[in-house]
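Peer 1: Just to be clear, the model below is a prediction. Sequence and coordinates:
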Amino acid sequence: MGLQTLTFKSIHQELSFLRAHARVTRLVDMILEDCLARGLGLEVALDVFLSQCARLLGASSGFVQLRGTQGPVLTRRFGPAALRKQQLSAAEGVHPFERGQLLVKNLAFGPAQFGAFGLVVEDLPAKEIPLARALVDAMGEQLDNTVLTFIALSDGASPAQRLDELAVAESFRPKARFGRYELLSPLGTGGMAQVFVARQKGPEGVGRLVALKRILPYLLDEPEIVEQFLDEARVSLQLAHANLAVVYDFGRTPGGYYLAMELVKGPSLAAVLARMQALEPRIAGAILVQTLHGLHAAHELCGDDGRPLDLVHRDLSPQNVMIGFDGTVKVLDFGIALTRDKRSQTELGIIKGKPLYMSPEQAMGEPIDRRSDLFAAGLILYEALTGERPFKRETADTTLDAIIEEPVHRHPRVPRKVWKVLSRALEKDRRQRHSNALELARDIEAAMEPVAPDELGKAVREQFADAYRAVQAWTMATAPQGTSAETKQGTGTDGR
């Protein structure tokens, strides 16, 4: 689709589109080449590319698939959407997908196709689809140029033939290290950071698997991003509870800052909801009760002086709740957590967090306390029970307006005795909510009779059998090659 065929409803829209288009053309220099130059490999580069393109377009999910002469040889996915084989092989263009559209761009060298790139955009008005498709086309054109550079065509080999050779040689990803950690597999990429499965090696080969999180290199020159990462390290290193992801180590290498944390072997709640839509109440209750126990421990954290830190997560969402295959739930990502010492540095009216899970006071930019996290927990429980987000609107501003002004009504899937608890958690006036996370957890237990952790773990293993096999490969691995086969197919636990 050529840019000359696009029409814009305003100068503002045209300028916004042109800025986005210009950013697309810089993605290779800022992101992909860094991953390749540092020896992190094509898989890592594709993960970063996918996450940043999705962020730029507001897409919820996406994929890149490279194909050899006999079929797919490398597939990378982003986001919670359960993209199936038919979507990954869809023709170039726009395709209906769940609550939105799947926009696909073929990767090609002349007439020869060697893969595809696609993004899922939800709730996109029909008149804006041509603009979104033009951006996806531009992203795809940048991507196929970079892939061609990586595979370094020689001796007349076609892209598909060269990809066959790389697949057999397992050379999509060279051995790479970050400080004293050996990187095994990309786990997920977000707007600020990237997470790897890594091995910490100790004396005599003794070590452990960790989730290693690094700031994306092109953001290292942005002081606010670096400070946010440092804040996460300061808070996370103090947290210790069975329902909080443990952070083992923090440091800096020539490649930037990193956090080494507990590798949660299982999917995020966002991935579970994307696959299962709505959960049986006793399953949803089990997840929320453990989440609230972890939150309570964080809320009760004290500083070195023995005084409460008054910690507030303020970014609690299904993406930040991980469910282990053993049935243990972990809360993670305290990147924008607020503490006693940070309150004096936070300007009134500055809003941080995901709009869909904000409390009314957070949406208005007012001072917040632990009860703001309880409102977010209520929204998560509502979504887990119904498959719906009660305040989702077309824009962030209208979403915030709904959170502040509109009530939530009982959904038919929410039992009445559960609604009595849930409606209290979702009170607009924080004074009417539960006083702490432990009190809310106890009310949920009384109303829902949650399943035991082993039953929760069994349910998740059954739904994510492919990811469970990948986790077993990581656990048994004694060398990096132990995970390459699973990584090459794009399986693994959900990204963070």
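Peer 2: Thanks, I have it. Residues are numbered from 1 along each chain as shown.

Peer 1: ok, and the helix or strand in this structure with the lowest average confidence?
Peer 2: Lowest by mean pLDDT, DSSP states H and E among the helices and strands of the chain is helix 481-488, with a mean of 39.

Peer 1: okay, Gly39: pLDDT?
Peer 2: In this model, Gly39 is scored at 67, pLDDT.

Peer 1: what's the spacing between Phe464 and Gly71?
Peer 2: 24 Å (C-beta to C-beta, to the nearest Å). All C-beta atoms are positioned from the backbone trio N, CA, C, and that covers glycine.

Peer 1: Neighbour count: the two, which is higher?
Peer 2: Higher neighbour count among Phe464 and Gly71: Phe464, with 23 against 10, using other C-beta atoms under 10 Å.

Peer 1: ok, the more buried one - contacts?
Peer 2: For Phe464, the contact set (C-beta atoms under 8 Å, 6 or more residues apart in numbering) comprises 266-267, 271-272, 275, 325, 493.

Peer 1: between those residues, which has the most around it?
Peer 2: Most surrounded of the contacts of Phe464: other C-beta under 10 Å gives Thr493, at 28 neighbours.

Peer 1: show me where the stretch 1-150 of the chain has strands.
Peer 2: Here the stretch 1-150 of the chain has its strands, by DSSP state E, counting those that start in this stretch, at 61-67, 72-78, 93-97, 100-109, 112-122.

Peer 1: Pick the most buried one from these.
Peer 2: Ranked by mean neighbour count, those are led by strand 61-67 with a mean of 25 (mean count of other C-beta atoms under 10 Å).

Peer 1: helices or strands up against that one?
Peer 2: Packed against strand 61-67, as judged by 3 or more C-beta pairs under 8 Å, 6 or more residues apart in numbering; DSSP states H and E, are the following elements: helix 41-57, strand 72-78, helix 85-88, strand 112-122, helix 159-169.

Peer 1: for the record, mean pLDDT for the host helix or strand of Arg282?
Peer 2: Arg282 is part of helix 281-299 when elements are defined by DSSP states H and E. The average pLDDT within helix 281-299 is 97.

Peer 1: just checking, what packs against the helix or strand just after it?
Peer 2: Going down the chain from helix 281-299, the next helix or strand is strand 321-323, by DSSP H and E. Contact analysis of strand 321-323 by 3+ C-beta pairs under 8 Å, 6+ apart lists helix 269-276, helix 281-299, strand 329-331 as its packing neighbours.

Peer 1: wait, which of these is closest to Ala376?
Peer 2: Closest of the helices and strands packed on strand 321-323 to Ala376 is helix 281-299, at 9.3 Å (criterion: C-beta to C-beta).

Peer 1: mind listing what's buried in that closest one?
Peer 2: Burial within helix 281-299, assessed by neighbour count using 16 or more other C-beta atoms under 10 Å, is assigned to 281, 283-299.

Peer 1: where's the helix holding Arg282 relative to the chain centroid, distance-wise?
Peer 2: Centre-to-centre, helix 281-299 and its host chain are 20 Å apart (C-alpha atoms, centre = their mean, to the nearest Å).

Peer 1: helices or strands next to that helix in the packing?
Peer 2: Checking 3+ C-beta pairs under 8 Å, 6+ apart, helix 281-299 ends up next to strand 321-323, strand 329-331, helix 370-386, helix 437-448, helix 453-463.

Peer 1: a markdown table please, covering these and showing distance to Leu135, mean pLDDT and mean neighbour count.
Peer 2: Shown next, in a markdown table, are these (distance: least, C-beta to C-beta, whole Å; pLDDT from 0 to 100; neighbours: other C-beta atoms under 10 Å):
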| stretch | distance to Leu135 | mean pLDDT | mean neighbour count |
| --- | --- | --- | --- |
| strand 321-323 | 31 | 96 | 29 |
| strand 329-331 | 34 | 96 | 24 |
| helix 370-386 | 29 | 96 | 25 |
| helix 437-448 | 41 | 96 | 20 |
| helix 453-463 | 33 | 95 | 17 |
